[in-house]
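Asks: need a 3D model of the following:
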Amino acid sequence: MRNALPLPRPPRLAIRLLGAAWLCCALGLSASCGNMREGSAARSIKTDREAVAHVPARTGEPHQPRAPLAGPTLPQNPFMAPRGASNMHVDSFASNTYGWSGPLGHAPEVASRAMGVVGGECPTINFDHQGHIVTVCVKQRSPNLLLLDAQSLRVLARYELPTRRTPLLRVRKMMNDTSGGAYFYLDQLDRAVVGTADGAIEIIAQRRDADRVHFERVERIDLASVLSFDNGTLDKLTAILPDFVGNYWFVARYGTIGVVTPERTLHTLRLPGEEIENSFSIGPEATYVVSDHALYRLEQDKTGKPTVVWREPYDRGSRRKVGQINQGSGTTPTLLGRDYVAIGDNAEPRMNVVVMRRGLAQAARVVCRTPVFAAGKSATENALIGYQRSLIVENNAGYDLFTTMRGKASAPGVARIDVRPDESGCDVVWESLEISQTTVPKLSTQSGLVYLYTKLPNAPKGADAYYFTALDFTTGRTVYQVLTGTGVRYDNNWAAISLAPDGTAFVGVLNGLIRVRDTSRVLPTAPVLPTRRAALLASTP
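Replies: Predicted structure coming up:
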């Protein structure tokens, strides 16, 4: 199947020149710095020390947990690493909800690892059975799969992935490119499953010798035949996830949806004229994909081909808002329990959190369309947090790396929306004025905290000051904030917050990653190696 290639909108010349002058120099230097080299020790991300002296190092008080929220009850996908360790959105439901704790603000310690002079963002941070970090970090257009020691942040192993094809001078497109490995996941055998920039699924295992560990590609599934355009270029492979029977599902930027069966048979369909720039979600019953026009429920037909069960359009607005990657939903669909799927739309003047019924019946698909945030300053490009009947959404309206420098920030807003028990609609429970510009937020049911990565507005001396921030899930109150660093290198640029089983938080930033952890613990840590996973790994050659 060959597809017609949509023509990208040309950027403004000023943007190209500014981006070329700033990033090409900075990232060009980073290519030779060796900060991703195997065995290399951690170098801290540089911070503006003068700015640090003029902004708060901490605010709020250490959290004293009440009784924990009921833990997540979603079933474990048998073809993924345990929920919380496997992918950007915690699980295949894209719940963004952990059963273990994150930092509580008890004498918090911040550390960082630079992956270059400026480049080296690590958008997804997962954890293997030994508690090591497995991440993909991107320097210039080159993604690298890395294994890091979570304590020293030393690089234990490195695997170079194919280079992304975004033109180097198209800086905004390069920084908003979600292809090439950003949405990789760990499977039940600790193997990284990556959708590569050259149109393949690579399955990469850890191999341990007597004195070192290294990555080894154990399989490559070539998808070029279904991703090829008429002009010979490839659609951009965005995300891969397994369903509950072992098929690999994948989506690509310009509307390709595919399935690779365990026998490696390949089936695809196309959404003509539609883009898919987000990941997707999978429940036991079906796969859910949001394009820039509609939300889809898909299943396999008798031949194995992905088939649209239902399609529900949403309000995609009339333009790409500042703070979003394209004109349409910026959210990976979030599955709530067994009944609902939720997204954010692109409506004007206020976006809506849209909750739909997942079932097969066509009548009354939409449960609610709930507007959030201020008129004209309302957009999100990150997935929702989903927990029982509650959703958390953050406001990304106005974010742009180049226009939110020197103390400027995007629009404020984080909100909790609950589905009414009688399904008559949804209600805004609380709204916070924190500025969480671009991160994928997370909830811990053990601590009862929502974790954000926020920016201080109107900071003294034009400082760009970034904070790891915790909100009370029940009330929306800001519990504590800890300064992670100052300067553009600490900009989050769409990367996720990840919580390790020992309660440490990791956040991807433009220059690498940061770590936040308590130096005194008041909650127990979660086991790193569940029994079933240990048995699987022990039986694997």
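
Asks: what are the boundaries of the helices in the stretch 151-300 of the chain?
Replies: Using DSSP state H, counting those that start in this stretch, the helices assigned to the stretch 151-300 of the chain run over residues 171-175, 224-227.

Asks: mean pLDDT lowest for which of those?
Replies: In terms of average pLDDT, helix 171-175 trails the rest of the helices of the stretch 151-300 of the chain, at a mean of 63.

Asks: what's around A57, how many residues?
Replies: With neighbours defined by other Cβ atoms under 10 Å, the count for A57 comes to 13. For every residue, glycine as well, the C-beta is placed using N, CA and C.

Asks: can you tell me the closest non-neighbouring residue to it?
Replies: Distance criterion Cβ to Cβ, 6 or more residues apart in numbering; nearest residue to A57, sequence neighbours excluded, is L483 at 5.0 Å.

Asks: what of T307?
Replies: Leaving out its chain neighbours, T307 is closest to D301 (Cβ to Cβ, 6+ apart), at 4.6 Å.

Asks: mind checking how far the residue lying farthest from the centre of the chain is from Y159?
Replies: With Cα atoms, centre = their mean as the measure, the chain has its most outlying C-alpha, relative to the mean C-alpha position, at A210: 34.7 Å. To Y159, A210 is 20 Å away according to Cβ to Cβ, to the nearest Å.

Asks: what does I276 give?
Replies: For I276 relative to Y159 (Cβ to Cβ), the value is 26 Å.

Asks: these two - which one has more neighbours?
Replies: I276 (26 against 20).

Asks: quick one, strands of the stretch 351-500 of the chain?
Replies: Using DSSP state E, counting those that start in this stretch, the strands of the stretch 351-500 of the chain run over residues 352-357, 366-371, 385-387, 390-394, 414-419, 426-432, 442-444, 449-455, 465-472, 478-486, 497-499.

Asks: helices or strands up against the third one?
Replies: In this case it means strand 385-387. Counting by 3 or more Cβ pairs under 8 Å, 6 or more residues apart in numbering; DSSP states H and E, the packing neighbours recorded for strand 385-387 are strand 97-98, strand 334-336, strand 390-394, strand 442-444.

Asks: which residues does the nearest residue to G105 once chain neighbours are set aside contact?
Replies: What sits nearest to G105 in space, not counting adjacent residues and going by Cβ to Cβ, 6+ apart, is Y480, at 3.7 Å. Residues touching Y480, when contacts are defined by Cβ atoms under 8 Å, 6 or more residues apart in numbering, comprise 58-63, 105, 108, 469-470.

Asks: likewise G448?
Replies: Residues 65-66, 68-69, 472-474 are the ones in contact with G448 under the rule Cβ under 8 Å, 6+ apart.

Asks: quick check: phi and psi on it?
Replies: For G448, the backbone dihedrals are phi 70, psi 20 (criterion: degrees, to the nearest 10).

Asks: so how far does stretch 136-154 reach from one end to the other?
Replies: The first and last residues of stretch 136-154 sit 15 Å apart, counting by Cα to Cα, to the nearest Å.

Asks: that stretch: which residues count as buried?
Replies: Buried residues in stretch 136-154, counting neighbours by 16 or more other Cβ atoms under 10 Å, are found at 136-148, 150, 153.

Asks: so which of those comes closest to A526?
Replies: Distance from A526 was checked for each of the buried residues of stretch 136-154 by Cβ to Cβ. The minimum falls on A150, at 13.8 Å.

Asks: measure that closest one to G131 for me?
Replies: 6 Å.

Asks: with L452 instead?
Replies: From L452 across to G131, the span is 24 Å (Cβ to Cβ).

Asks: who has more neighbours out of those two?
Replies: Between L452 and G131, counting by other Cβ under 10 Å, L452 is the more crowded of the two (27 against 17).

Asks: might you report the residue contacts of the more buried one?
Replies: For L452, the residues meeting the contact criterion (Cβ under 8 Å, 6+ apart) are 394, 414, 434, 436, 439, 441, 468-471, 497.

Asks: what does V308 give?
Replies: With Cβ under 8 Å, 6+ apart as the criterion, the residues that contact V308 are 269, 296-298.

Asks: tell me the spacing between it and A286.
Replies: From V308 over to A286 (counting by Cβ to Cβ), the distance is 11 Å.

Asks: next: P72.
Replies: Following Cβ to Cβ, the distance that separates P72 from A286 is 20 Å.

Asks: where does the prediction get shaky in the stretch 351-500 of the chain?
Replies: Across the stretch 351-500 of the chain, the stretches falling below the confidence threshold (pLDDT under 70) are 362.

Asks: ditto for the stretch 1-150 of the chain
Replies: Applying pLDDT under 70 to the stretch 1-150 of the chain picks out residues 1-34.

Asks: could you pull out the helices in it for me?
Replies: Under the criterion DSSP H, counting those that start in this stretch, the stretch 1-150 of the chain carries helices at the ranges 13-19, 25-30, 49-52.

Asks: export the last one as CSV, just CAs?
Replies: C-alpha atoms of helix 49-52 as CSV (Å, rounded to 0.1, in the frame of the first residue of the first chain):
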residue,chain,number,x,y,z
ARG,A,49,23.7,30.3,39.2
GLU,A,50,22.9,34.0,39.4
ALA,A,51,19.3,33.3,38.7
VAL,A,52,19.2,30.6,41.4
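
Asks: other SSEs contacting that helix?
Replies: Taking 3+ Cβ pairs under 8 Å, 6+ apart as the contact definition, the neighbouring helices and strands of helix 49-52 are strand 478-486.

Asks: quick one: the strand it packs on to strand 414-419, angle?
Replies: Angle of strand 478-486 versus strand 414-419, following axes from the mean of the first three to the mean of the last three Cα atoms, to 10 degrees, is 140 degrees.

Asks: run the chain-centre distance for strand 478-486.
Replies: Between the mean C-alpha point of strand 478-486 and the mean C-alpha point of its chain there is a distance of 21 Å (Cα atoms, centre = their mean, to the nearest Å).

Asks: so what sits against both of V308 and A286?
Replies: Between them, V308 and A286 have 297-298 as joint contacts when contacts are counted by Cβ under 8 Å, 6+ apart.

Asks: enumerate every residue touching S142.
Replies: With contacts defined as Cβ under 8 Å, 6+ apart, the neighbours of S142 are 160-161, 163-164.

Asks: where along the stretch 51-200 of the chain do the strands fall?
Replies: 58-60, 97-98, 108-114, 121-127, 133-139, 142-148, 155-160, 185-186, 192-195, 200-208.

Asks: hang on, isn't H54 packed against G462?
Replies: No. In terms of Cβ atoms under 8 Å, H54 does not count as a neighbour of G462; the distance is 9.9 Å.

Asks: in stretch 373-388, what counts as buried?
Replies: Using 16+ other Cβ under 10 Å as the test for burial, stretch 373-388 gives 373, 377-387.

Asks: ok, the nearest residue in space to D243 that is not next to it in sequence - contacts?
Replies: The spatially closest residue to D243, leaving aside those adjacent along the chain, is I282, at 5.2 Å (Cβ to Cβ, 6+ apart). Under the criterion of Cβ under 8 Å, 6+ apart, the contact list for I282 reads 77, 92-93, 241-244, 249, 288.

Asks: then T403?
Replies: With contacts defined as Cβ under 8 Å, 6+ apart, T403 is in contact with V322.

Asks: where does the stretch 151-300 of the chain have low pLDDT?
Replies: Low-confidence segments of the stretch 151-300 of the chain, defined by pLDDT under 70, span residues 166-176.

Asks: just to revisit the earlier point, most neighbours among the contacts of G448, which one?
Replies: Most neighbours among those, by other Cβ under 10 Å: F473, with 23 neighbours.

Asks: no further queries at this time; thank you.
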